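# structure here, sequence nowhere to be found:
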C-alpha cells in the first residue's frame, strides 16, 4: 500500500451524537480516500462511541483503524496511541466533537508541500462557541511564531509533518490534564522549519457541545498553574532570555495565569487566594520581565505586577474596577506624549506602585484625545539626530582643504 498523505487521528470519549457529523466531514474530504488514513481511539466511552467508530470503519472509503481502550483520563493518551500508529507524511488531530471543512485536508497538505513548512494552521470557526481570531488576518505561506499571532492558537488541531514529530520524539504530556496541546503545539512551532497559515478558507469547525464537555472541567485551579508552568519552562528551554522570549511569554501570562486573578478570584476563599499567590510566585520571579509587562494593557500589567510584588491586599480593588467595566481616567503628561490610565492605587503613596505600571503603550494610548505618539524614545531619537547633524556640520571641509568652523 502506498504511504497516505495524511493520518487523521481522532481521540474520542463520550462523543455521540457529535461524532456522526465529525466522521461525515472526514468522509466528505476532497483530498481523495486513497490519500488518507483514519486512526480513531475510543477512550473508554459508554455511549456507543466505540461501536459507531467500528461501523464507520466497515463502510468508510479510506482505511480506518479503531483502537478501544480503558479511559485514560485525558486527551493526551488517545492522541499518543494514534500517533504511534500513524503512517502518513502528515498527521492531523481532529477532536470527535468537531468537524472539518470539505477541502481542509487537500488545502493543508497542498500548502505544506508547496511551502515546505512543517506545521499548517487552517482557519478555525466557532459553532456555538468562540474561536481564536487574531491570526487569520491573511494567508501566509511561510511564517514563524515570532512573526505572527499563531502563539494565540495552541490547540492541537493543526497539520503537522510527521517527520518533525518523530525526529524530535514529540508526544503529548500525559501528566497534564489541561494545556497539554499548548505544550505540544508550541514545541512544534519552535522546532518547525516554517509554519503556514490558511486564512481564506474555514478548515476547522470548533463545535460547542450542549453538555459543555468540550471545556476542561476536571480538577481545580492548580491544573492551570501546572499548565502555565510547563509552557513557560518549555519557552525558556528553547528561547534565550530577551525580547523574543518575552514575546512568547505573553501567551501563558495572559491566557493561563491572568484569569486566575480575574473575577473568579473575588469568590475564592482566603486560603485559595493565598495558595494562588504561592503558586504564582516562582513563575513571576523567573519569567515576569519589563519586556513582558510592556506588551500588556495597563489593567493586565497592573494585576500581574501586584501578583509579582505579592500584594494581595491591593488586588481586589483593581479586579472590581475591571469587572465593572469602568473606564480609567486618562492623564496626559509631557505635552501629550505620555498617557497614564488611573486605575486604582495610581499615585497612592501608601500603595507605592511605580507610575510606569500605569503608563499606556502607544497601541493602547492611540485614540485618546490629545495623545501624541512619540514619547520618551522619540525625544531621544530626535536629540541623537540633532547631535549627528552638529557633528557632521563641525567636520565640513572648506575648498582649501581645512576643516570649517561649525
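Perfect, thanks for sending it. None of the values given here were measured: they were computed from a predicted structure.
# which residues of the stretch 201-350 of the chain score low on pLDDT?
212-219 (pLDDT under 70).
# one more time with 50, if that's ok
214-218 (pLDDT under 50).
# how about the helices in it?
221-238, 243-251, 263-267, 270-287, 290-294, 298-308, 315-323 (DSSP state H, counting those that start in this stretch).
# and the second one, what other elements does it pack with?
Spelled out, it's helix 243-251. Packing partners of helix 243-251 (3 or more Cβ pairs under 8 Å, 6 or more residues apart in numbering; DSSP states H and E): helix 221-238, helix 290-294. Heads up, the C-betas are built off the backbone N, CA and C, glycines and all.
# burial measure for residue 175, as a count.
10 (other Cβ atoms under 10 Å).
# how about the helices of the stretch 201-350 of the chain in a markdown table, adding distance to residue 329 and mean neighbour count?
Below are the helices of the stretch 201-350 of the chain laid out as a markdown table (distance: least, Cβ to Cβ, whole Å; neighbours: other Cβ atoms under 10 Å):
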| stretch | distance to residue 329 | mean neighbour count |
| --- | --- | --- |
| helix 221-238 | 32 | 19 |
| helix 243-251 | 26 | 19 |
| helix 263-267 | 22 | 12 |
| helix 270-287 | 28 | 15 |
| helix 290-294 | 21 | 16 |
| helix 298-308 | 12 | 22 |
| helix 315-323 | 11 | 17 |
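# residue 150: which of those is closest?
helix 243-251 (10.0 Å; Cβ to Cβ).
# quick one, the closest one and helix 298-308 angle?
90 degrees (axes from the mean of the first three to the mean of the last three Cα atoms, to 10 degrees).
# what comes into contact with helix 243-251?
With contacts defined as Cβ atoms under 8 Å, 6 or more residues apart in numbering, helix 243-251 is touched by 145-146, 151-152, 154, 186, 231-232, 235-236, 239, 287, 289, 291-292, 295-296.
# quick one: which of the helices of the stretch 201-350 of the chain is nearest residue 58?
Distance to residue 58, taken as Cβ to Cβ, is lowest for helix 221-238 among those, at 38.5 Å.
# pull the residues that contact that closest one.
Applying Cβ under 8 Å, 6+ apart, the external contacts of helix 221-238 come out as 173, 176-180, 182-183, 186-187, 190-191, 216, 245, 248-249, 251-253, 256-257, 259-260, 272, 275-276, 279-280, 282-283, 286-287.
# circling back: which of the helices and strands packed on helix 243-251 sits closest to residue 347?
Among the helices and strands packed on helix 243-251, if distance is taken as Cβ to Cβ, the winner is helix 290-294, at 18.3 Å.
# distance from the closest one to the middle of the chain?
Centre-to-centre, helix 290-294 and its host chain are 17 Å apart (Cα atoms, centre = their mean, to the nearest Å).
# which ones are touching the spatially most central residue of the chain?
Ranked by distance to the mean C-alpha position of the chain (Cα atoms, centre = their mean), the top residue is residue 152 at 2.6 Å. Each residue near residue 152 by Cβ under 8 Å, 6+ apart is listed here: 132, 134, 135, 251, 255.
# assumed the first one was part of a helix.
No. The secondary structure assignment for residue 132 gives coil rather than a helix, going by DSSP: H, G, I helix; E, B strand; the rest coil.
# which non-adjacent residue is nearest it?
When the adjacent residues along the chain are set aside, residue 132 lies closest to residue 153, with 4.3 Å between them (Cβ to Cβ, 6 or more residues apart in numbering).
# isn't the one you found right up against residue 121?
Yes. The pair residue 153 / residue 121 is scored as a contact, 6.5 Å apart, by Cβ atoms under 8 Å.
# common neighbours of these two, please.
With Cβ under 8 Å, 6+ apart as the test, residue 153 and residue 121 both reach residue 135.
# quick check: the residue nearest to residue 228 when sequence neighbours are not counted vs residue 89, distance?
Excluding the flanking residues, the one nearest residue 228 by Cβ to Cβ, 6+ apart is residue 256, at 4.1 Å. Distance, residue 256 to residue 89, by Cβ to Cβ, to the nearest Å: 33 Å.
# mind giving me the packing neighbours of the helix or strand containing residue 107?
Using DSSP states H and E, residue 107 maps to helix 104-115. Packing contacts for helix 104-115, counted by 3+ Cβ pairs under 8 Å, 6+ apart, involve strand 6-12, strand 90-95, strand 119-127, strand 140-143, strand 159-161, strand 195-207.
# let's go with 6 Å and repeat that
Packing partners of helix 104-115 (3 or more Cβ pairs under 6 Å, 6 or more residues apart in numbering; DSSP states H and E): strand 119-127, strand 195-207.
# check contacts around residue 239.
Residue 239 sits next to residue 245 when contact means Cβ atoms under 6 Å, 6 or more residues apart in numbering.
# ok, back up a step: dump the helices and strands packed on helix 104-115 to CSV, plus distance to residue 331 and mean neighbour count.
As requested, the helices and strands packed on helix 104-115 are exported to CSV (distance: least, Cβ to Cβ, whole Å; neighbours: other Cβ under 10 Å):
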stretch, distance to residue 331, mean neighbour count
strand 119-127, 38, 21
strand 195-207, 39, 20
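# any idea how far the residue lying closest to residue 331 once chain neighbours are set aside lies from residue 311?
In space, and not counting its chain neighbours, residue 331 is closest to residue 340: 4.4 Å by Cβ to Cβ, 6+ apart. Distance, residue 340 to residue 311, using Cβ to Cβ: 19 Å.
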